[in-house]
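*Asks:* Below are the sequence and a predicted model for it; my questions follow.
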Amino acid sequence: MRAALSKVNVTADIEYQMPEDGFRDVLHIVICPQMFPVLPGQYIAYQLEQSVSSRWFTDDYFSRLENAVAVFDYSLMNISFLQEKGLSYRHLYHLPVGLLMQDDIADDEESVDVLFYGDINNERRRKYISELQKKFSVKVVSDLFGESLYNEMAKAKVVVNIHYYEGALLETTRIYECLSQNRIIVSEESVDMNEHSVLLPLVDFVPINDVQKMVERVQHWVSDSARRRQRHEELNEACLKTPDMFSYYFLRLFLAHDLISYSQFYDAVGTVIEMDSDMICLGLPETVSRRSDFDRDNHYGIQYFPGLRHRLGWVGCGLSYKFLLNRARDLGFEKVMICEDDIEFPDDFMSKYTHITEYLDSRVDWDLFSGLIANLHQDTNILELSVEAGETYLVIDKMTSTVMNVYSKSFYDKLLEWDDRNHNAETNTIDRYIESQSSLRVITTPKFLVGHKEELDSTLWGFNNSTYREMIAESETLLEQKINAFCTQQ
């Protein structure tokens, strides 16, 4: 956390207990707030317990989370659980644990085969340790932290990760701590493996409850020192290339609460987001069910982008678009398609989209293509009408909607001028800002390419998406009237 804050020139002190003269009147980040008898006046909580166990989730603990300025949580399964218990997603921020590579990693002689650190007063863990001890030298440590722990890691050929509960979430704090020390890890899989695909090449995972498989994978590494040396080199190289998503998610909250500026945020972590496609879906990871719903429908290789947040939802939306077009410009993209996670795809989406992009590529005189116009302005003018390969294309001068648009590189700089400090929701929402641009050239089709899922709720305004149904129908009717008038005048 301190390393992430240093990227935006914010200094931080680390305290392990309340100072004798009390907490200072500054914002605190409290890791595991249930462990402290007294909390600061203003704090962000980092919730690290597993929702698969109820022992920590008492009324007092929920009260501590509710009284926080905001709550970080490392697990999307936990975030779903907390929402089920009444916490709003607006209060919750996903903060997956990440790497912090060390320059001065201890390089002690390996004197033990296996290290396990953590609570061993558990029958499940003791069963694993007992089997490992039959073949290897095993060291178990607990209540050991920092350099003392890292020195023990350096002496071990392998570190094992064993769940306390059979249905546990992955212990990512332990996993990433070990990887940051360039340690070889053998770990049980977990019920939330879908959240940890980035770890698959970095950790040897074995099936849950398969003690023998863990013994075999430990043997694989313990028995061959040359193999271990090669693995250490591979891990170091892979970890150095791993994007610093922790800093992205961490500073995302500071941007959301106006504690840092957009330019500070982008300069610090802009390059963390690797756009592997020019088809992007904008969503919020904290709205877990919406992400799952989109993933089920995403048969097109659209890359998911964890959108930016703000205490005013529509400002966070605008910041997300600004960030994405910033990245598209920096990466030299000719165009970029951005949809939102409540998009509804027609069955023939990809074939139609392919024809549309071919048409767009044949032109240079356009700013954006709109796949759905939620609220067509009465003063919209049709500038052109053409037919290509059986599809009718319109060029219009106004557009309001961001469910699915394709942005031309000629439009990037225009959108990057959007001012996130202007909090006038009547004129400065990102779609109204786009609509207000002079000399705008928007390409669209009489029948909109995509739809809008009515069963979902708006993450910006808090109402059900069915509210948009009449607006979209009215837009289609108005557009048809304008087409008829345009054709009559030709």
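*Replies:* That came through fine. Numbering: from 1, shown residues only.
*Asks:* Going by C-alpha atoms from here, please, whenever you check contacts or count neighbours.
*Replies:* Fine.
*Asks:* domains of this structure?
*Replies:* Residue ranges for the domains of the chain, per automatic domain parsing: 2-94, 112-241, 273-489.
*Asks:* and the second one, what's its mean pLDDT?
*Replies:* I take that to be domain 112-241. Averaged over domain 112-241, pLDDT sits at 95.
*Asks:* Tell me which of the domains of the chain lies nearest to residue 265.
*Replies:* When the domains of the chain are compared by Cα to Cα, domain 2-94 sits nearest residue 265, at 7.2 Å.
*Asks:* sorry, back to before: can you say which of the domains of the chain is nearest to residue 101?
*Replies:* When those are ranked by distance to residue 101, counting by Cα to Cα, first place goes to domain 112-241 at 4.7 Å.
*Asks:* first to last residue in the closest one, what's the distance?
*Replies:* Counting by Cα to Cα, to the nearest Å, the length from the leading to the trailing residue of domain 112-241 is 29 Å.
*Asks:* Next: stretch 293-308.
*Replies:* Taking Cα to Cα, the span from the opening residue of stretch 293-308 to its closing residue is 20 Å.
*Asks:* tell me which residues in it are buried?
*Replies:* Along stretch 293-308, these residues count as buried under the neighbour rule (16 or more other Cα atoms under 10 Å): 294, 298, 302, 303, 304, 305, 306, 307, 308.
*Asks:* quick one on the thing from earlier: among the domains of the chain, which comes closest to residue 267?
*Replies:* The stretch from the domains of the chain with the least distance to residue 267 (Cα to Cα) is domain 2-94; that distance is 8.4 Å.
*Asks:* Straight-line length of stretch 263-283, end to end?
*Replies:* The straight-line separation of the ends of stretch 263-283 (Cα to Cα) is 21 Å.
*Asks:* sorry, back to before: farthest pair in the buried residues of stretch 293-308?
*Replies:* 298 and 308 (21.1 Å).
*Asks:* Of the buried residues of stretch 293-308, just say which sits nearest to residue 29.
*Replies:* Distance from residue 29 was checked for each of those by Cα to Cα. The minimum falls on residue 308, at 20.0 Å.
*Asks:* Mind checking what secondary structure that closest one has?
*Replies:* In terms of secondary structure, residue 308 is coil; the call rests on DSSP: H, G, I helix; E, B strand; the rest coil.
*Asks:* tell me the contacts of it?
*Replies:* For residue 308, the contacting residues are 252, 256, 284, 316, 317, 319, 320, by Cα atoms under 8 Å, 6 or more residues apart in numbering.
*Asks:* how about the fifth one, what does it touch?
*Replies:* For residue 317, the set of contacting residues under the criterion of Cα under 8 Å, 6+ apart consists of 307, 308, 309, 430, 460.
*Asks:* Dump the residues you listed to JSON lines, plus pLDDT and distance to residue 288.
*Replies:* Supplementary listing: these in JSON lines, determined by pLDDT from 0 to 100; distance: Cα to Cα, whole Å:
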{"residue": "307", "pLDDT": "98", "distance to residue 288": "13"}
{"residue": "308", "pLDDT": "99", "distance to residue 288": "15"}
{"residue": "309", "pLDDT": "98", "distance to residue 288": "15"}
{"residue": "430", "pLDDT": "95", "distance to residue 288": "24"}
{"residue": "460", "pLDDT": "53", "distance to residue 288": "15"}
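*Asks:* Mind putting those residues into CSV with distance to residue 246?
*Replies:* Converted to CSV, the contacts of residue 317 look like this (distance: Cα to Cα, whole Å):
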residue, distance to residue 246
307, 14
308, 14
309, 15
430, 27
460, 25
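*Asks:* And those residues, which is closest to residue 375?
*Replies:* Of all the contacts of residue 317, the one sitting nearest residue 375 is residue 430; the distance, using Cα to Cα, is 13.5 Å.
*Asks:* From residue 297, how far out is the closest residue to that closest one other than its chain neighbours?
*Replies:* With Cα to Cα, 6 or more residues apart in numbering as the criterion, residue 430 has its nearest non-adjacent residue at 5.1 Å, and that residue is residue 318. Taking Cα to Cα as the measure, residue 318 and residue 297 are separated by 25 Å.
*Asks:* Just give me the neighbour total for the nearest residue to residue 132 once chain neighbours are set aside.
*Replies:* Of all residues beyond its chain neighbours, the one nearest residue 132 is residue 215 (6.1 Å), with distances taken as Cα to Cα, 6+ apart. One way to gauge burial is a neighbour count; for residue 215, by other Cα atoms under 10 Å, it gives 20.
*Asks:* same question, residue 399
*Replies:* The burial count assigned to residue 399 is 28, neighbours taken as other Cα under 10 Å.
*Asks:* Quickly find the element holding it.
*Replies:* Residue 399 is part of no helix or strand, with elements assigned from DSSP states H and E.
*Asks:* So it sits against residue 444, correct?
*Replies:* No: with contacts defined as Cα atoms under 8 Å, residue 399 does not count as touching residue 444, sitting 9.5 Å away.
*Asks:* Between these two, which contacts overlap?
*Replies:* Residues touching both residue 399 and residue 444 (Cα under 8 Å, 6+ apart) are residue 370.
*Asks:* Now do the contacts for the residue nearest to residue 430.
*Replies:* With Cα under 8 Å, 6+ apart as the criterion, the residues that contact residue 318 are 420, 429, 430.
*Asks:* now the first one: how far from residue 182?
*Replies:* Taken as Cα to Cα, the spacing of residue 420 relative to residue 182 amounts to 41 Å.
*Asks:* Please apply the same query to residue 154.
*Replies:* Distance, residue 154 to residue 182, using Cα to Cα: 9 Å.
*Asks:* Now residue 342: closest residue in space, sequence neighbours ignored.
*Replies:* According to Cα to Cα, 6+ apart, the nearest residue to residue 342 is residue 453 (5.4 Å).
*Asks:* Model confidence score at the residue nearest the centre of the chain, please.
*Replies:* By Cα atoms, centre = their mean, the mean C-alpha position of the chain lies nearest to residue 306, the distance being 3.6 Å. What the model reports as pLDDT for residue 306 is 98.
*Asks:* and it, what are its bridge partners?
*Replies:* With DSSP bridges as the criterion, residue 306 is bridged to residue 283.
*Asks:* need the contact list for it.
*Replies:* Taking Cα under 8 Å, 6+ apart, we find residue 306 in contact with 282, 283, 284, 285.
*Asks:* out of those, who's nearest residue 199?
*Replies:* Using Cα to Cα, residue 285 is the member of the contacts of residue 306 that sits closest to residue 199, with 18.7 Å.
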